[in-house]
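Asker: Provided below for reference: sequence and predicted model.
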Amino acid sequence: MLAALKEGKTTEQIAAAAAPKKPVTPTKPARAKKPAKADADTRRNFLVLLVATPFAFGWSMLAGACLAATLGTLRFMMPNVLVEPPSRFKIGPPSDYPAGTVSTKWKAEFGVWIVNSTYKGQSLVYALSSVCTHLGCTPNWLEGEQKFKCPCHGSGFYITGVNFEGPAPRPLERVGLRVAEDGMLEVDKGVKFQQEMGQWGDPASMVEIS
């Protein structure tokens, strides 16, 4: 202190120099603030999405319902067209059907068998309906056993169409058959003939082979 006085310093200067210095507090870096406009845009976009999503879903459902209604109306206005095979059709000349044979050529398309066989001593060509007289199933022609056999309930029919086994109550039905003006056999499914009613004697139910 004496040395300081000798140097000409005042007591206040000496006291200030002797006082302990306060530690310097480091300043914290200032945080970067997000732009207020960016925050506002984010909130606005979220609100728009929150509000618009239900409306978009609702409009989609409404559009789908309108489309379905339009298609239903168009379908209602269109007529139901059921394509059925003709009741009359030609199947070729009698020579295409040899004696003692059953042709299954027209079964799938027209539901008939063309048979050339003998019935009550007459050589005939006739068309049998491929509908079982039990419950309407479709029998099969078994060449090896020479009979029609129904796969549903086991009804059996001779080549003539007469039933002989199973639950079928009556023979198969014949459909109309004639020789057309051009010499071709013509089937007429609009006409049916039942054996139990004596209709197999009708000339329209068969074609005699001389």
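Answerer: Noted; the coordinates are in hand. Bear in mind the structure is a predicted one, so any value in this text is a computation, not a measurement. Numbering: from 1, shown residues only.
Asker: Which residue ranges of the protein form strands?
Answerer: For the chain, the strands defined by DSSP state E occupy 88-90, 101-103, 112-119, 122-129, 140-142, 147-149, 156-157, 163-165, 174-179, 185-193, 207-208.
Asker: which residues sit against the fifth one?
Answerer: Among residues not part of strand 140-142, those counted as contacts by C-beta atoms under 8 Å, 6 or more residues apart in numbering are 102, 104, 113, 147-151. C-beta coordinates here come from the backbone N, C-alpha and C atoms, glycine included.
Asker: who wins for neighbours among these?
Answerer: When neighbours are taken as other C-beta atoms under 10 Å, the top entry among the contacts of strand 140-142 is Phe148 (27 neighbours).
Asker: roughly how far apart are that residue and Gly190?
Answerer: Per C-beta to C-beta, to the nearest Å, Phe148 is found 23 Å from Gly190.
Asker: Over to Lys107?
Answerer: For Lys107, the distance to Gly190 - C-beta to C-beta - is 18 Å.
Asker: More neighbours: which of those two?
Answerer: Set side by side, Lys107 and Gly190 show more neighbours around Lys107, with 18 against 10, by other C-beta under 10 Å.
Asker: Can you get me a residue count around Gln146?
Answerer: The number of residues near Gln146, taken as other C-beta under 10 Å, comes to 12.
Asker: Might you report the residue contacts of Pro139?
Answerer: By C-beta under 8 Å, 6+ apart, the neighbours of Pro139 are 130, 132, 148-151, 155, 157, 172.
Asker: And those residues, which is closest to Gln122?
Answerer: Nearest to Gln122 among the contacts of Pro139 is Leu172, at 17.8 Å by C-beta to C-beta.
Asker: is Gly176 in a bridge, and if so with what?
Answerer: Gly176 has the following beta-bridge partners by DSSP bridges: Asp188.
Asker: Hmm, it is touching Ser205, no?
Answerer: Yes: the pair Gly176 / Ser205 is scored as a contact, 6.9 Å apart, by C-beta atoms under 8 Å.
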